[in-house]
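>>> I would like the atomic coordinates for the input below:
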Amino acid sequence: MSDQRTALVLGGGGITGIAWEIGLLAGLAEAGVDLSGADLVVGTSAGSVVGAQVTGGAELGAMFERQLAAPAEERVARMTRSNLAQYGWAMVRSRRDDGEFRRRIGALALAAERAGVTPSEQERLDVIGSRLVSTEWPERKLLITAVDAETGEFRAFDRDSGVPLLQAVAASCAVPGVYPPVTIDGRRYVDGGMRSAANADLAEGHERLVVLAPIPRGIGPLASVDAQVTGLVARVAVVSPDADSKRAIGRNVLDPAARAPSARAGRAQAATVAARVAEVWNG
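Next comes the predicted model:
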């Protein structure tokens, strides 16, 4: 099992989640706990962006510095009250059936696109492309999660799936009702976080697991990170934002202006969790 020793799971959490995870990874590496060499990296939504960079050879210090740069001309998005109400109604109607929930959320995403509420698919591909260091799949094992908007089927794309990395990451980041579904092989896909905010169970079979989870809780049919990792591996550490990081992230995780504070907070938090993570990763 030499190729299945360590797994790094990077959860969803918007633009601020990307920044916080990068800050945390950079801070942990400075503290002597470098997670970037994990045998498996699982990326969901924000985590798919970070995972593609880490496995693509990006240097953590450079990744961190990019988060501190002034926001480019990227539009500020947000979950509206209407979005949240629709999500809540989908949960109620699904009666804790996760497949039914994903289908309803997918329908919501497709309807929002038809109504012109979301930006164009090409605009989103351009934004996601600007965040990646390469659009080629890495040699290392990387799983990118997404959900079929029509069927609710959960997918985990990798280099053998035949799906371009850019489309896989953009699909994983396609928050329903905010961003458009992404076209892959004639199907439309949305955020992998519609199954779970982290999809940590994809790391089954690995000996040591670290989960960076901007959103660790579960709600309705969505499993919490703790529920997914319980009994999964012998050694596991879940890291979620502390009080300072939560303040830095703020109330809108899709606001580019909160990127730099979130990255700095993640880097600072690393010092407080380094020993616990090292015990799992290096023990």
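
>>> Check the protein for its longest strand and report it.
strand 141-148 (DSSP state E).

>>> got a list of contacts for the next helix or strand after that strand?
Moving toward the C-terminus from strand 141-148, the next helix or strand (DSSP states H and E) is strand 154-157. Strand 154-157 is touched from outside by 42, 102, 143-148, 161, 163, 168, 171, 189, 192, 195, 199, 202, with contacts defined as Cβ atoms under 8 Å, 6 or more residues apart in numbering. The way it works is simple: take the backbone N, C-alpha and C, and place the C-beta from them, glycine included.

>>> Could you do stretch 234-250 as well?
13, 16-17, 20, 24, 207-216, 225-226, 229, 258, 261-262, 264-266, 268-269, 272-273, 276-277, 279-281, 283.

>>> Tell me which residues of it come out buried.
236, 237, 238, 239, 240, 241, 245, 246, 248, 249 (16 or more other Cβ atoms under 10 Å).

>>> and the closest residue to residue 165 other than its chain neighbours, what does it touch?
Spatial nearest neighbour of residue 165, excluding adjacent residues (Cβ to Cβ, 6 or more residues apart in numbering): residue 137 at 5.0 Å. Applying Cβ under 8 Å, 6+ apart to residue 137 gives the contacts 158, 159, 165.

>>> Give me the pLDDT for residue 137.
On the pLDDT scale, residue 137 is placed at 98.

>>> Equivalent analysis for residue 195, please.
94.

>>> next one: residue 76
pLDDT, residue 76: 72.

>>> Determine the number of other residues adjacent to the residue lying closest to it once chain neighbours are set aside.
Nearest residue to residue 76, sequence neighbours excluded (Cβ to Cβ, 6+ apart): residue 255, at 5.4 Å. Using other Cβ atoms under 10 Å, the number of residues around residue 255 comes to 19.

>>> Quick one: the helices in the protein, in order.
Taking DSSP state H as the criterion, the chain carries its helices at 14-30, 46-55, 60-68, 81-94, 98-114, 121-131, 165-172, 225-229, 243-249, 259-281.

>>> ok so, going back, just the closest of the buried residues of stretch 234-250 to residue 80, please.
Set against residue 80, the nearest of those by Cβ to Cβ is residue 249 (18.6 Å).

>>> So that closest one versus residue 241, what's the distance?
6 Å (Cβ to Cβ, to the nearest Å).

>>> try residue 168
26 Å.

>>> Likewise for residue 50?
For residue 50 relative to residue 241 (Cβ to Cβ), the value is 15 Å.

>>> excluding its backbone neighbours, what's nearest residue 159?
residue 137 (3.6 Å).

>>> on that earlier part again, give me the mean pLDDT for the longest strand of the chain.
98.

>>> what does stretch 106-120 give?
Rounded mean pLDDT across stretch 106-120 is 93.

>>> Show residues contacting that stretch.
75, 86-87, 90, 147-152, 174, 176-181, 188, 190, 194.

>>> From start to finish, how long is stretch 246-263 in a straight line?
11 Å (Cα to Cα, to the nearest Å).

>>> Can you give the distance from that stretch to the centre of its chain?
Chain-centre distance of stretch 246-263: 15 Å, with Cα atoms, centre = their mean, to the nearest Å.

>>> low-confidence ranges in the stretch 1-150 of the chain?
Low-confidence segments of the stretch 1-150 of the chain (pLDDT under 70): 1-4, 73-74, 78-79, 96.

>>> again, 90 this time
1-4, 70-101 (pLDDT under 90).

>>> What is the burial count for residue 66?
16.

>>> I misspoke; the intended subject was residue 117.
Residues near residue 117, counting by other Cβ under 10 Å: 16.

>>> my read: residue 263 touches residue 61, true?
No - assessed by Cβ atoms under 8 Å, residue 263 is found out of contact with residue 61, at 11.8 Å.

>>> higher neighbour count, these two?
A count of neighbours by other Cβ under 10 Å puts residue 263 above the other of residue 263 and residue 61, at 27 against 11.

>>> Tell me the spacing between that one and residue 27.
For residue 263, the distance to residue 27 - Cβ to Cβ - is 10 Å.

>>> Same question for residue 258.
For residue 258 relative to residue 27 (Cβ to Cβ), the value is 18 Å.

>>> now residue 9
Counting by Cβ to Cβ - residue 9 and residue 27 are separated by 18 Å.
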